[in-house]
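A.B. asks: Generate coordinates for the sequence data below:
(chains A and B)
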Amino acid sequence: MIETLAGGQPAEHRELAKRVRSHSFVDGPTRKLVRSWIEREPAHPIPWTPLTKPLSACRVALVSSAGIARHDQPPFDQERERRDPWWSDQSWRPIPLSTTEADAGIYHLHIDPRFGEQDLDCVLPLRRLQELSADGVVGGAAATHYSFMGYILQPRQLLASTAPAIAARMAEEAVDVAVLVPV
Amino acid sequence: MIPEFTASVGAPRVAGIEFPFGRPLGLPGDRAGQRAVLHTALEVITRAQTPGTVIQLPFTWPQSPRDARADPPIPPPIVQLIKRRPWLAVRLLARDIPEPVSPARPDDGQQP
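C.D. replies: Take a look at the predicted model:
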């Protein structure tokens, strides 16, 4: 563990923002942007649900921000983002456990999609989760996993409807652990 | 990816990894590497005992930042806009986001 942060006080945010400088894979403009946003982020209460059973007994669901949509689902709306670059599609897609790169596309305009299109486990590790489940590391993989598109400047809809809808679906499927996978 | 950013918005448990964008689990086809990353990330839920804990995962990307660089095929719309109108960068940095200019679609929610 490198640190424990609680309370989200502004001073801590300033300290967090400084550390973004150290990331070698983040380019200069992105560092500047992220630092600025961290410094402006208000303090949040941090939600906490204690783990009440071993990981080997937990059902796990994955959530990817890669903007993954199956070919039998509507794609994320790239056209509207091209017309209004401040806007973003904040909807979500349920991704069944059996989904592979043959079944889905990646609709995030801010990343190179080729890695996930070549191997979906690069961004949504469904096969790796099934392996860990088969080996007993986790209790099981949920039937449904999830994706939304992670370029969201004003996350109003994400917070008001998308995240609650995903959480409700997870609760229906008795998910114990949700793993968010940023891209 | 940028664990400080994730921590700043109040995530309860954060697994940090210094990997390039677009492939947070590892390279295509690297099953063992992807599995190790997922396994170690999952263990964060048992290791973290305090809200807001950030644990850095002990993995090193096998390429230099220059070799790992992979931009989207076309610059993102917001990048193109800022290039055309550089003064808008101030709004982006301040997260002063204009309201949408086109109407929302009627099916703008879940689209399974």
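
A.B. asks: what distance separates the helix ranked longest in chain B from the middle of the whole chain?
C.D. replies: Secondary structure assigned by DSSP state H gives helix B:31-47 as the longest helix of chain B. Relative to the centre of its chain, helix B:31-47 is centred 17 Å away, using C-alpha atoms, centre = their mean, to the nearest Å.

A.B. asks: do the same with stretch A:114-126
C.D. replies: The answer for stretch A:114-126 is 14 Å, by C-alpha atoms, centre = their mean.

A.B. asks: swap in stretch A:135-153?
C.D. replies: 8 Å.

A.B. asks: Repeat that for stretch B:50-57.
C.D. replies: What separates the centre of stretch B:50-57 from the centre of its chain is 17 Å, taken as C-alpha atoms, centre = their mean.

A.B. asks: returning to that earlier point: can you list the strands that the next helix or strand after the longest helix of chain B pairs with?
C.D. replies: Downstream of helix B:31-47, the next assigned helix or strand under DSSP states H and E is strand B:53-56. Applying DSSP bridges to the sheet, strand B:53-56 is found paired with strand A:3-4 (antiparallel), strand B:13-16 (parallel).

A.B. asks: Quick check: phi and psi at A:Arg70.
C.D. replies: Here is the backbone geometry of A:Arg70 (degrees, to the nearest 10): phi -70, psi 160.

A.B. asks: worst average pLDDT in the strands paired with strand B:53-56?
C.D. replies: Ranked on mean pLDDT, the bottom entry among these is strand A:3-4, at a mean of 44.

A.B. asks: just checking, what packs against the helix or strand that comes right after it?
C.D. replies: Sequence-wise, the next helix or strand downstream of strand A:3-4 (DSSP H and E) is helix A:10-19. Applying 3 or more C-beta pairs under 8 Å, 6 or more residues apart in numbering or on different chains; DSSP states H and E, we find helix A:10-19 packed against helix A:28-40, helix B:3-8. No exception for glycine: its C-beta is placed from N, CA and C like everyone else's.

A.B. asks: Deepest in the core, which of those is it.
C.D. replies: Comparing the helices and strands packed on helix A:10-19 by mean neighbour count (mean count of other C-beta atoms under 10 Å in any protein chain shown), helix B:3-8 comes out on top with a mean of 24.

A.B. asks: quick one: that one near chain A?
C.D. replies: Yes. Using C-beta under 8 Å from any C-beta of the partner chain, helix B:3-8 reaches chain A at B:Glu4, B:Phe5, B:Thr6, B:Ala7, B:Ser8.

A.B. asks: what pLDDT, on average, does that helix get?
C.D. replies: For helix B:3-8, mean pLDDT is 91.

A.B. asks: same check, this time on stretch B:82-89
C.D. replies: Mean pLDDT, stretch B:82-89: 96.

A.B. asks: Show me what counts as buried in it.
C.D. replies: Residues B:Ile82, B:Leu88, B:Ala89 are the ones in stretch B:82-89 that count as buried (16 or more other C-beta atoms under 10 Å in any protein chain shown).

A.B. asks: where do the strands sit along chain A?
C.D. replies: Along chain A, counting by DSSP state E, strands occupy A:3-4, A:59-64, A:68-70, A:92-96, A:104-106, A:140-141, A:144-148, A:177-181.

A.B. asks: per-residue confidence at residue 11?
C.D. replies: This is for chain A. If you check A:Ala11, the pLDDT there is 50.

A.B. asks: Actually, chain B is the one I wanted.
C.D. replies: pLDDT, B:Ala11: 94.

A.B. asks: count of neighbours near it?
C.D. replies: Neighbours of B:Ala11 under the rule other C-beta atoms under 10 Å in any protein chain shown: 19.
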